[in-house]
Structures are given as C-alpha cells and as structure tokens.
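Visitor: Mind looking at a prediction? Sequence and model below.
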Amino acid sequence: MGTRGTWLGLALLAGCSGDKDPTGTDTVPGTTDTSTSTVDTAVVVVTDLVVADANDYHVTATYSIATGTVRAGWDALVSWPSLSSDAWGEEALAPTAVPTLALLELVMTPSELPARLAADDLGTDLVSTWTADVMGDTFANLSDLRSAQGEAFDPAAYLEANPGKTWLLMLARTRDDGSLAPLDFLALQVDAAGQTSEVFAPGGSTVNWTAVIDGAQVAASAGIPAVTVDWGGLQDDALGTAYDERQGNELFVARFADPASALGVHMLDLQGASDAWYTMDVAGDTDARLELARDPGGAAFPGFDASGTWLVGVRCTTCLTRLPLWTAAVDVL
C-alpha cells in the first residue's frame with residue numbers, strides 16, 4: 001500500500017477559560033461576587049476523513065461477451081457497420097466515429113473473461129495489446145493492427161490454436177495517456193479448422209450493472225478546505241479486488257443536488273451529474289489533502305457546504321472499467 005499520512009485525529013478549537021475577574025480586579029473581601037463565570041467550551045472541527053470498507057459503495061457488474069472462432073494464421077476481417085451503441089447501452093455511436101480497434105492477447109478462456117472484466121483484473125494474463133486507428137472506417141484486417149512499438153500484427157505468426165488463450169477484440173477510444181476506454185467487445189478463439197470467410201463484428205456484447213451508495217458516511221466540518229482523506233485502511237475496491245493504490249490515480253470530490261441514495265444510477269458519469277467537481281492526482285497514494293484538488297477551471301476546493309450531497313472517491317482513469325474504485329458519502333457537520 002502507499003505511504004499513509006499523519007493527518008488522523010480531531011482538531012479542537014477550545015474557548016478561553018474564565019479563571020480571572022474580567023475587570024482584572026479581585027472581589028472585595030466581605031462582599032458577594034454576582035458576576036457570571038465563563039465556562040470552557042470546545043467546538044469539534046472534523047478535518048480528517050478516514051475511509052474503510054464499511055464506507056464504500058456497492059456495485060455489481062455482469063459482462064456478456066460475444067464470441068467467435070477464427071482459423072489459425074488467418075488475416076480475419078473485422079467489421080462493425082451496424083454498431084449503434086456501446087456495450088453499456090449508455091452512448092449512441094456512429095460506426096464511422098469509433099476511433100480505435102484493439103486486440104488483446106489473454107491467457108484465459110472465454111468463459112473466464114466476463115468475471116475478469118467485471119473485476120477489471122486482467123493482470124499478468126494480459127500478454128500483448130495491438131491497436132489500429134479506424135476513425136472514419138467500419139472495417140479492418142487483423143494485419144492492420146500495430147503494437148506500441150509499431151510492429152505489425154502477423155496472424156500467421158501469432159494466431160495459433162490454444163484452448164487456454166483468448167484474443168479479445170475491442171472497439172475503443174484511446175485516452176491521452178495511450179490507455180484504452182472500451183466501447184464494445186468480441187472474444188475470439190483460434191481453431192486450426194476455423195472458418196476463413198467469416199467477418200467478425202464487435203457490437204454484440206453487453207454490460208449490465210447496478211450501484212448503490214449505502215456505506216457509512218464519513219463526517220467532515222463545513223467551510224474548511226484543509227481536509228485530509230485517508231483510505232489506507234481500505235482492503236478491497238468496490239469491484240471486489242484487493243485495493244491497488246497504483247491503479248487508483250484520480251481522487252474526486254463532488255457535490256450533487258440529489259441525495260446519495262439516488263446517485264447510484266450516475267456511477268458511470270458522476271462528473272456529468274454533479275454541480276461541483278474537483279479532482280487531483282493520487283497515483284500511488286492512500287491519503288490526500290483536499291485543498292489541493294481543483295475544478296475543471298482551476299479553482300481550488302473551497303470546503304464542504306450543506307447545500308447538497310457530497311461524495312469523495314478514487315477512480316482509475318487508465319483502467320478498462322468505467323466505475324470508481326471506491327466512493328463514500330460525506331456527512332457535512
């Protein structure tokens with residue numbers, strides 16, 4: 001896990017003690033002191049948010065991946081002229097507006113693939129990735145794909161029959177950092193006697209999911225930007241995988257008009273549903289100071305207020321999943 005901060009605890013702002021007469025003079029002997037004595041008071045200001053598994057939201061995701069069989073060594077044609085939406089059913093797509101065709105070499109069977117995608121846990125079983133720029137097109141051959149080093153994909157050399165291996169075709173967007181944001185999938189297995197005339201068409205896969213923000217709220221005082229969030233005690237992410245701070249690279253803190261119980265339907269696009277959105281880079285970290293977070297215009301996080309519902313969480317902007325790794329609701333005091 002990443003380095004944990006030293007920000008845990010409660011900051012107490014204490015009132016001044018009234019041990020002396022406020023005039024600075026003593027009571028005259030033999031008389032009664034009728035002045036009202038002051039009493040020590042303490043206002044508790046909560047500036048440390050500690051997130052554990054009990055605070056996290058819950059999500060279930062089910063991937064249904066279309067499959068096909070390709071002949072060993074065959075330079076198959078991939079085509080998607082009928083594509084109309086992404087696999088999540090969230091986004092309308094024009095076939096010619098898909099930027100990237102990708103091919104992932106995976107050491108797993110097609111039956112294992114849905115659960116691994118749902119957990120966003122391909123791990124070391126992802127052997128190689130090949131991509132092609134297909135903007136404006138609706139088809140490409142496998143030989144049009146290239147590695148990150150520019151090597152052309154050679155079906156004759158790479159497409160060998162292996163029942164323990166899957167080649168995953170993806171229609172995707174390529175992010176600025178080179179990572180893939182998938183739109184649809186098609187899993188291929190290689191067979192020595194497979195067809196040579198079949199056209200493979202991504203567009204038949206589906207992703208169904210439900211999310212609910214039902215974890216215990218974390219408390220924070222209103223109006224204080226210098227708030228620390230510590231999630232070093234988080235054991236698992238919401239996808240059911242051991243939390244990896246190397247993947248959780250962006251912290252977000254956001255305000256919404258709706259209550260937390262109604263926000264689960266927006267988990268794929270919390271930013272779009274928010275009326276205030278602040279982020280910061282936390283790659284490799286398990287704590288952060290929220291005053292360093294910025295909105296899209298560069299303004300600093302001003303502190304929580306009581307005008308809506310606040311969420312804080314971490315997502316992976318380079319992963320295949322669109323869902324946050326963890327999200328917790330904030331109880332603003």
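Guide: Thanks, I have the structure now.
Visitor: going forward, measure contacts and count neighbours with C-alpha atoms only.
Guide: Fine.
Visitor: Let me know the pLDDT of the nearest residue to T286 once chain neighbours are set aside.
Guide: Nearest residue to T286, sequence neighbours excluded (C-alpha to C-alpha, 6 or more residues apart in numbering): G232, at 4.9 Å. Looking at G232, its pLDDT is 96.
Visitor: what helices or strands is the top strand by length along the chain leaning on?
Guide: Counting by DSSP state E, the longest strand found in the chain is strand 180-191. Judged by 3 or more C-alpha pairs under 8 Å, 6 or more residues apart in numbering; DSSP states H and E, strand 180-191 is in contact with strand 67-71, strand 166-174.
Visitor: Work out for me the element the residue nearest to T286 sits within.
Guide: For G232, there is no enclosing helix or strand under DSSP states H and E.
Visitor: tally of neighbours for it?
Guide: Neighbours of G232 under the rule other C-alpha atoms under 10 Å: 19.
Visitor: Next one: the nearest residue to D230 once chain neighbours are set aside relative to Y243, how far apart?
Guide: Using C-alpha to C-alpha, 6+ apart and skipping residues adjacent in sequence, the residue nearest D230 is D287, 4.2 Å away. Here the criterion is C-alpha to C-alpha, to the nearest Å. By it, D287 lies 13 Å from Y243.
Visitor: more neighbours, the two?
Guide: Each of D287 and Y243 has its neighbours counted (other C-alpha under 10 Å); D287 has more, 23 against 20.
Visitor: Hmm, that one is touching W231, no?
Guide: Yes. In this structure D287 lies within contact range of W231 using C-alpha atoms under 8 Å: 6.0 Å.
Visitor: Show me where this structure has its helices.
Guide: Taking DSSP state H, the helices of the chain run over residues 113-118, 155-158, 270-273.
Visitor: so which of those helices gets nearest P81?
Guide: Of all those, helix 155-158 sits nearest to P81, with 23.2 Å by C-alpha to C-alpha.
Visitor: before we move on, the earlier item: can you lay out the helices of the chain as TSV showing distance to S147?
Guide: Below are these laid out as TSV (distance: least, C-alpha to C-alpha, whole Å):
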stretch	distance to S147
helix 113-118	22
helix 155-158	13
helix 270-273	33
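Visitor: so which of those helices gets nearest L49?
Guide: Among the helices of the chain, helix 270-273 sits nearest to L49 (C-alpha to C-alpha), with 20.4 Å.
Visitor: Tell me the buried residues in the closest one?
Guide: Buried residues in helix 270-273, counted by 16 or more other C-alpha atoms under 10 Å: 270-271, 273.
Visitor: can you check stretch 225-242 too?
Guide: Within stretch 225-242, the residues scored as buried using 16+ other C-alpha under 10 Å are 225, 227-232, 234, 236-240.
Visitor: and the helices of the chain as TSV, adding mean pLDDT and distance to E90?
Guide: TSV is the format used below for the helices of the chain (pLDDT from 0 to 100; distance: least, C-alpha to C-alpha, whole Å):
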stretch	mean pLDDT	distance to E90
helix 113-118	95	17
helix 155-158	96	33
helix 270-273	96	13
